[in-house]
Each structure stands twice: as C-alpha cells, then as structure tokens.
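S.K.: need a structure here:
(one chain, ligands or ions: 1)
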Amino acid sequence: MDTLILKVVFTVFLLLCMVVRYPHARRNKNNHIISDRKTRQERVLLGGAFLGMMVFPMLYVFTGLFEFANYTLPIYLHVTGMVLLIPALWLFYRSHKDLGRNWSATLEIRSEHSLVTNGVYKYMRHPMYSACWLWVICQALLLNNFIGGLTGLLAFGMLYFLRIGKEEAMMEREFGEQYQTYKSLTHRVLPKF
Ligand code: SAH
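M.R.: Just a heads-up that it's a prediction; the model follows:
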C-alpha cells in the first residue's frame, strides 16, 4: 500500500490519542500523590516509550532521516494494522475514562485513590496497556521502518515487562484482598469473559 496513506493514518491515530489523553493529564496534574514509585528506572522507561512510540515514528513520517532502514510488508498486514487501530483507540479512550482521576502516566497512588474494577476494567486489569500493545503492533505494521516502526514495540515491551509486576505489587499493597480477588477474576491484557 502507498506509504503516504499509511503514514497519514498512523499520524492521525497518534493525534487522536493525544486528544484523548490531554484533558486527563491536565486535570490529574492537581492530584495529591501519597505514594510515588517513580524510580530512575521508571523515568528512563517512560522516556524510552516517548521516543519509541512518538518521536521516532514522527521523525520517520516527517523527515527522510530513516529512509535507509525501510522494510516491506504485504498489503494484508497493512490492512490488519489499520483495522486494529480502531480497538486500540477505543481501549485507550475507555481506560482513561474509567480510571478518571486515578490515572497517571507513572506508578503512583493519590489520596482518595479507588480501585477501578468496572467499565473495561471488568474484563482485564490493564486495558491501557492492551491499547498500547495494539498501538505498537499497528506502528510496526503501518510504518515499515526499523527505527520509525519497530522502536515502539521495543520501548513499550521494556516498559511493560519491567513495570507490570511493580504496578501490581503496588496495587496489592494499597488494596490488599480487594486487589487479590480482582486479580483472580481478570487477565492482565487479554479480556476474560
Ligand atoms: N495498568 C493500568 C493503568 C495504567 S496507568 C492499565 O493498563 O489500564 C498507571 C496508574 O494507574 C498506576 O499508577 C495506578 O495507580 C493506576 N491503576 C492501575 N490499575 C488501577 C485500577 N484497577 N484502579 C485504580 N487505579 C489503577
């Protein structure tokens, strides 16, 4: 498929994700944080995710810097990438909405933090990470470039695997038995019905 179309589609998706996140980031800036687990590792991983999921793909789309690292994929994978953007955006939107004031980009607990188990959180514990997995898979399918397309998978994969255990331990410390029960009823990123 024409790379221009693929680039436009992915860029629009990124913009929509920013539109979804912006009001939550703005509102939650005023949250009173009572437990902050933003370690140096966490900051580095977040910085890496920002580079891999936003900066490198946009450098690929808007400059010719990475042209030497292109690869090609069959059209059916391009179509798959486009179709998967829809659940990715929907999950990104729903998880922000359901978490509400409890959302933050990093690992922390605010005063009045409540355990969300409704909405899309009824079916999985980490729908926002499910959305991010879909995001980075679509990125690799639509932006056929080793730097612009694959660094998202690499960076988010590292963030996910190094963070998930810590996040769940933090939630378990905070919510105890309530979180253990919730854990037994859900999977991490795949829905359980
Ligand atoms: N892992 C979740 C949320 C990512 S945002 C997801 O993928 O959907 C990260 C913050 O969300 C963490 O700092 C934690 O405080 C909060 N959080 C994670 N799961 C939560 C839940 N079920 N209820 C309330 N807050 C939650």
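S.K.: ok, and the residue nearest the centre of the chain, which helix or strand is that part of?
M.R.: Centroid check for the chain by C-alpha atoms, centre = their mean gives residue 132 as the closest residue, at 2.8 Å. Assigned by DSSP states H and E, residue 132 belongs to helix 127-142.
S.K.: Can that helix be said to contact the ligand?
M.R.: Yes - with C-beta under 6 Å from any ligand atom as the threshold, helix 127-142 lies in contact with the ligand, specifically through 127-129. C-beta coordinates here come from the backbone N, C-alpha and C atoms, glycine included.
S.K.: With stretch 23-43 instead?
M.R.: No - remark: stretch 23-43 sits outside contact range of the ligand, by C-beta under 6 Å from any ligand atom, the gap being at least 7.7 Å.
S.K.: Using CSV, write down the CA coordinates of stretch 168-184.
M.R.: Taking Å, rounded to 0.1, in the frame of the first residue of the first chain, the C-alpha atoms of stretch 168-184 are listed here in CSV:
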residue,chain,number,x,y,z
GLU,A,168,0.5,-5.0,40.6
ALA,A,169,2.6,-5.2,43.8
MET,A,170,1.8,-1.5,44.5
MET,A,171,-1.9,-2.1,43.9
GLU,A,172,-1.8,-5.1,46.1
ARG,A,173,-0.1,-3.2,48.9
GLU,A,174,-2.7,-0.5,48.7
PHE,A,175,-5.9,-2.6,48.2
GLY,A,176,-4.9,-5.9,49.7
GLU,A,177,-7.6,-8.6,49.4
GLN,A,178,-9.7,-6.5,47.2
TYR,A,179,-7.0,-6.5,44.6
GLN,A,180,-6.2,-10.2,45.0
THR,A,181,-9.9,-11.0,44.3
TYR,A,182,-9.9,-8.7,41.3
LYS,A,183,-6.7,-10.5,40.1
SER,A,184,-8.4,-13.8,40.3
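S.K.: Great, nothing more from me.
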